[in-house]
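J.: Need a 3D model of the sequence below.
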Amino acid sequence: MVRYDRRTGERIGIQPQPEPGEPALRWHWDSPLIISPHSHTRLYFGSQRLYRSDDRGDSWKAVSPDLSRQVDRNKLQMMGRVWSVDAVAKNTSTSFFGTIVALSESPKKEGLLYAGTDDGLIHATEDGGATWRKIETFPGVPEMSFVSDVEASRHDVNTVYASFNNHKAGDFKPYLLKSADGGKSWVSIAGNLPERGSVWAIAEDHVNPGLLFAGTEFGAYFTVDGGKKWIKLPGLPTIPVRDIAIQRKENDLVLATFGRGFWVLDDYSPLREAAKTVEQRVALLPVPDAKLFVEATPLGGGPRGAQGDALYTARNPAFGASFTWFMQRELRTLRQRRLAAEKAAAQKGQDTPYPSWDSLRVEEREEPPAVVLTVSDEQGHVIRRLTGPTGAGFQRIAWDFRYPPVSPVTVLAAPASGGGGDEEEAGGFGGPRGPMVTPGTYKVALSLRQNGRETPAGEQTFHAVPLGQGAPAADRTAIAAFHLRTAELQRAALGTNASLGEAENRLGLLRRAIEATPGAPAALADRGRTLTGRLRDLRSELSGDPVIESAQEPTPPTLLNRVQRVVGNTWSTTQAPTATHRRNYEIASQELAAFLPRLQGVLDELRKLETDAEAAGAPWTPGRLPVWKP
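T.: The predicted structure follows:
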């Protein structure tokens, strides 16, 4: 064991050593080490004896005798017999026996310690190790079972939890116990844990004493009633969960697994309401304070940056305010409900009548159901509407503190969602987004949309809290107002650009149609050429001269360039816009006001040309409806 200095990268060995004449120390592969909750410089470390250091490991003092049964492992039977010293890997690939493997100090009382051994004992001391009390029998637990974990309660000084693992004896039952009198008596809280699934770890929530977590051979479970009913945590691979830690500040659950690294469940606090939540058809859970900031990319690019495979990073929680809800049943379409009913009927041997064409037509035209979350400010103004998963159980999405993007909408554009998933990587690094809101109080309302109608299903108020310094609070309102004005300018500028592109496409196809029409007057083609030139002039003015740009010559900022530069530079910071940004906004605003009437004039001419081409019998092109008279 070493003490590592994170500032310098230096390390120094601090493993306790026996005094002259003392027996050798037996260290288990998982010898328990804890920092005392009552002193950050105090360590406890267990071999067959418990050692204490009050100076971060510089010196140690034994505070217990040998706490094991002191059984000679070389006299234990394995596979029905005792083996000699020459047995293959007998002493090479096995841990020492008769060691402390579980350790906990009560956060409620200094010096109240519990130590569990690999040969089935738990010892308790209330005076820091001066005297010890041995506990060697536990209801329903086979003798000599490995004490896989012991946990002193954060809520009650007399409460302690213990888990036992007897898999070395071919017994894979879950043994999980609780004592309310300091270990004098015990009751099982294994409840409905699977009959096959040894328990490795136990943890107690720091807010709700009825919320417990258990790590087993085949995943992790939680209970909200102190162990009567356990529910498996979804989303994990089927893997042994060997250790559990709770990061209390953020309410994060950290699970260490055997072979798959460790996993973090971000903000598990909604589980505290699970007992009440699961009884409701739909429930929107309280929203914790959300830390408002701008995501940084110090390593360049996305979350991993450009550091290559030499850098390991795990994903952060979904950025923004987290909205969590519970639904007893999935929102299903008419087709999904029909298929489920037909499946149930078929399983019973009943007929599944062929649906009518009218009912199938209704299914085909049905709008898919959706869970809608509407975010509004203190004045009731709607900020954002998000859609979330429609499945049963607990669901969660995140709002990124931004207004919706104002980019032109196309038939290929995906609806706005709530972040999380892969959007975390795309949304903050080049994806369309709107301006950021200011810190303050907001409300989120959940509704269920079916057949185009929304049914309210709950609302919660929450706070967006600034993280770090950023702009002074007095400036944030003015900054947000500027961002909203730039958003409206961007909406108009990007819409103008899209309208220009649409006109260019319509005109290009129309000129081809005119050329393919034998009886079309030559004047129609001439008008098309003239309009093409006018559109190209407008394109150069809006987004740049392609001739000069192709020669790599400097070009003055265009209207569109000024708008996007203001948006790109000011929406990714909490600082106030510079005078240059404000001037660019003014220039682009004035130029767009002068640009739009000229573009409208060309669009009017294009509409007239389309009408005349239709009269000449030209093939159909986008933007016009054929004329037909029988």
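J.: which SSE is A341 in?
T.: Element membership for A341, per DSSP states H and E: helix 334-347.
J.: Ok, G458 next?
T.: Using DSSP H and E, G458 falls in strand 453-466.
J.: partners of that strand, with directions?
T.: strand 290-292 (parallel), strand 440-450 (antiparallel) (DSSP bridges).
J.: returning to that earlier point: counting by contacts, list what the helix holding A341 packs against.
T.: helix 357-365 (3 or more C-beta pairs under 8 Å, 6 or more residues apart in numbering; DSSP states H and E). Bear in mind the C-beta positions are built from the backbone N, C-alpha and C, glycine included.
J.: so the helix it packs on versus helix 334-347, what angle?
T.: 120 degrees (axes from the mean of the first three to the mean of the last three C-alpha atoms, to 10 degrees).
J.: which other helices and strands contact helix 357-365?
T.: helix 334-347.
J.: Show me the contact partners of the helix it packs on.
T.: Among residues not part of helix 334-347, those counted as contacts by C-beta atoms under 8 Å, 6 or more residues apart in numbering are 332, 351-352, 355, 359, 362-363, 366.
J.: can you list the residues you listed in TSV and add neighbour count and distance to D267?
T.: Shown next, in TSV, are those (neighbours: other C-beta atoms under 10 Å; distance: C-beta to C-beta, whole Å):
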residue	neighbour count	distance to D267
R332	15	29
D351	8	49
T352	13	44
P355	15	44
S359	12	44
V362	14	41
E363	15	39
E366	14	35
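J.: ok, those vs N569, which is closest?
T.: E366 (44.7 Å; C-beta to C-beta).
J.: Tell me which helix or strand comes right after the longest helix seen in the chain.
T.: In the chain, with assignment by DSSP state H, the single longest helix is helix 473-515. Next in sequence after helix 473-515, counting helices and strands by DSSP H and E, comes helix 522-543.
J.: Check which helices and strands the helix or strand that that next one is followed by sits against.
T.: Downstream of helix 522-543, the next assigned helix or strand under DSSP H and E is helix 546-550. Helix 546-550 is packed against no helix or strand, with contacts defined by 3+ C-beta pairs under 8 Å, 6+ apart.
J.: and G215, how far is that from L50?
T.: Distance from G215 to L50, counting by C-beta to C-beta, to the nearest Å: 24 Å.
J.: Could you do A89 as well?
T.: On the measure of C-beta to C-beta, A89 and L50 end up 30 Å apart.
J.: any idea where the strands of the stretch 51-200 of the chain begin and end?
T.: 61-62, 100-105, 113-117, 122-125, 133-135, 146-152, 160-165, 175-179, 187-188, 199-204 (DSSP state E, counting those that start in this stretch).
J.: Flag every buried residue along stretch 545-557.
T.: D545 (16 or more other C-beta atoms under 10 Å).
J.: same deal with stretch 585-592?
T.: Applying 16+ other C-beta under 10 Å to stretch 585-592 flags 585, 588-589, 591-592 as buried.
J.: again with stretch 374-387
T.: Buried positions in stretch 374-387, judged by neighbour count with 16+ other C-beta under 10 Å: 374-376, 383-384, 386-387.
J.: Just the ones of these in strands?
T.: Using DSSP state E, the subset of these located in strands is 374-376, 383-384, 386-387.
J.: of all these, which comes closest to L67?
T.: Ranked by distance to L67 (C-beta to C-beta), these are led by L386 at 55.4 Å.
J.: how much space is there between the nearest residue to I587 once chain neighbours are set aside and R384?
T.: Excluding its sequence neighbours, the residue lying closest to I587 (C-beta to C-beta, 6 or more residues apart in numbering) is R562, at 5.9 Å. When distance is defined by C-beta to C-beta, R562 is 27 Å away from R384.
J.: K173 too?
T.: Taken as C-beta to C-beta, the span from K173 to R384 is 50 Å.
J.: Packing partners of the host helix or strand of Y221?
T.: Assigned by DSSP H and E, Y221 falls within strand 219-223. Helices and strands touching strand 219-223, as assessed by 3+ C-beta pairs under 8 Å, 6+ apart, comprise strand 212-216, strand 231-232, strand 241-247.
J.: one more time with 6 Å, if that's ok
T.: strand 212-216, strand 231-232 (3 or more C-beta pairs under 6 Å, 6 or more residues apart in numbering; DSSP states H and E).
J.: Pick the most buried one from the ones you listed.
T.: Burial of these is given as mean neighbour count (mean count of other C-beta atoms under 10 Å); strand 212-216 ranks first at a mean of 26.
J.: Now do the domain split for this protein, please.
T.: The chain breaks down into these domains under automatic domain parsing: 27-280, 317-331+369-468, 474-615.
J.: next one: the second one to chain centre, how far?
T.: Okay, so that is domain 317-331+369-468. Put simply, domain 317-331+369-468 sits 14 Å off its chain's centre (C-alpha atoms, centre = their mean, to the nearest Å).
J.: try the first one
T.: For domain 27-280, the distance between its averaged C-alpha position and the chain's averaged C-alpha position is 28 Å (C-alpha atoms, centre = their mean).
J.: now the end-to-end length of it.
T.: End-to-end distance of domain 27-280 (C-alpha to C-alpha, to the nearest Å): 51 Å.
J.: Equivalent analysis for the second one, please.
T.: Taking C-alpha to C-alpha, domain 317-331+369-468 runs 18 Å from one end to the other.
J.: Stretch 387-402 now?
T.: 15 Å.
J.: Which positions in it come out as buried?
T.: Quick answer for stretch 387-402 (16+ other C-beta under 10 Å): 387-390, 394-402.
J.: If we only consider those residues, which is nearest to V187?
T.: The nearest one, if we look at those relative to V187 and count by C-beta to C-beta, is F394, at 29.3 Å.
J.: Check which helix or strand the closest one maps to.
T.: strand 393-399.
J.: Tell me how many other residues crowd R73.
T.: R73 has 16 neighbours, counted by other C-beta atoms under 10 Å.
J.: Between the strands of the stretch 51-200 of the chain, which one is closest to A290.
T.: From the strands of the stretch 51-200 of the chain, taking C-beta to C-beta, the stretch that ends up closest is strand 199-204, at 25.6 Å.
J.: quick one on the thing from earlier: A89 and L50: which has the busier surroundings?
T.: The residue with more neighbours, out of A89 and L50, is L50; 25 against 7, by other C-beta under 10 Å.
J.: In this structure that one contacts P65, no?
T.: No: using C-beta atoms under 6 Å, L50 is not in contact with P65, being 9.2 Å away.
J.: Okay, now the unreliable bits of this protein?
T.: 301-304, 307-309, 411-430, 469-474 (pLDDT under 70).
J.: if you set the cut-off to 50 instead, what comes out?
T.: For the chain, the stretches flagged by pLDDT under 50 are 412-429.
J.: Quick check: chain neighbours aside, which residue is closest to P18?
T.: Distances taken as C-beta to C-beta, 6+ apart place L25 nearest to P18, at 5.6 Å, with adjacent residues excluded.
J.: Cool, thanks, signing off.
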